[in-house]
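A.B. asks: A structural model of the following input is requested.
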Amino acid sequence: MDVFKTHGAFSWSELITPAPDKAAEFYGSLFGWKLESMPMPGAAPGEIYRVAKVGETAVAGMFKTPADQPLPPHWMTYVTVQDVDATAAKAVELGGKILMPVTDIPTVGRMATLQDPQGAVINVITYASQMS
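C.D. replies: Below is the predicted model of the structure:
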């Protein structure tokens, strides 16, 4: 199964934190992750996205909490969907909320952040490779 193409599969995790350097050091030491830095698509110039790898396989990402979104540090998960817009609309129909509207992430795909009726938050994504 390719989790980046399978509807309903958990496919990615990200840590949002005010101290990504410290988090990278902690998790790199804890799990043996190799962390690679790259510019963060769609972010302010100079913002870095860290990709955590086990061997050569990318397993998660880390980035700095945006200044305009004062959130506590937390891990976010992503579930692959065939159509983000339709999934977001269905979530609302089922009593959920859209916390971050459908957004295009350059070179990555199209995603949204949803909240279920009990308050749990999850991200849904259609990867660029699915959209072509």
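
A.B. asks: quick check: A91 touching T113?
C.D. replies: No. Here A91 does not reach T113: they are 10.2 Å apart, not a contact under CB atoms under 8 Å. To be clear about C-beta, it is placed using only N, CA and C from the backbone, and glycine gets the same treatment.

A.B. asks: please name the bridge partners of the nearest residue to A88 once chain neighbours are set aside.
C.D. replies: Closest residue to A88 apart from its sequence neighbours, by CB to CB, 6 or more residues apart in numbering: A112 at 4.7 Å. Per DSSP bridges, the residues bridged to A112 are V124.

A.B. asks: OK, contacts around A112?
C.D. replies: Taking CB atoms under 8 Å, 6 or more residues apart in numbering as the contact definition, A112 lies against 84, 87-88, 98, 100-103, 123-124.

A.B. asks: restricted to helices, list those residues.
C.D. replies: Using DSSP state H, the members of the contacts of A112 that fall in helices are 84, 87-88.

A.B. asks: now do the helices in this structure.
C.D. replies: 20-31, 84-93, 128-131.

A.B. asks: rewinding a little: what residues are shared contacts of A91 and T113?
C.D. replies: Any residue near both A91 and T113 by CB under 8 Å, 6+ apart counts here, and that gives I98.

A.B. asks: now do the residue located most distally from the centre of the chain against L71, distance only.
C.D. replies: Relative to the mean C-alpha coordinate of the chain, counting by CA atoms, centre = their mean, the farthest residue is E93 (23.4 Å). E93 sits 27 Å away from L71, taking CB to CB, to the nearest Å as the criterion.

A.B. asks: shaky segments in this structure?
C.D. replies: Along the chain, the parts satisfying pLDDT under 70 run over 41-43, 132.

A.B. asks: domains in it, by residue range?
C.D. replies: Domain assignment for the chain by automatic domain parsing gives 1-12+72-132, 19-64.

A.B. asks: gap between A52 and T17?
C.D. replies: On the measure of CB to CB, A52 and T17 end up 13 Å apart.
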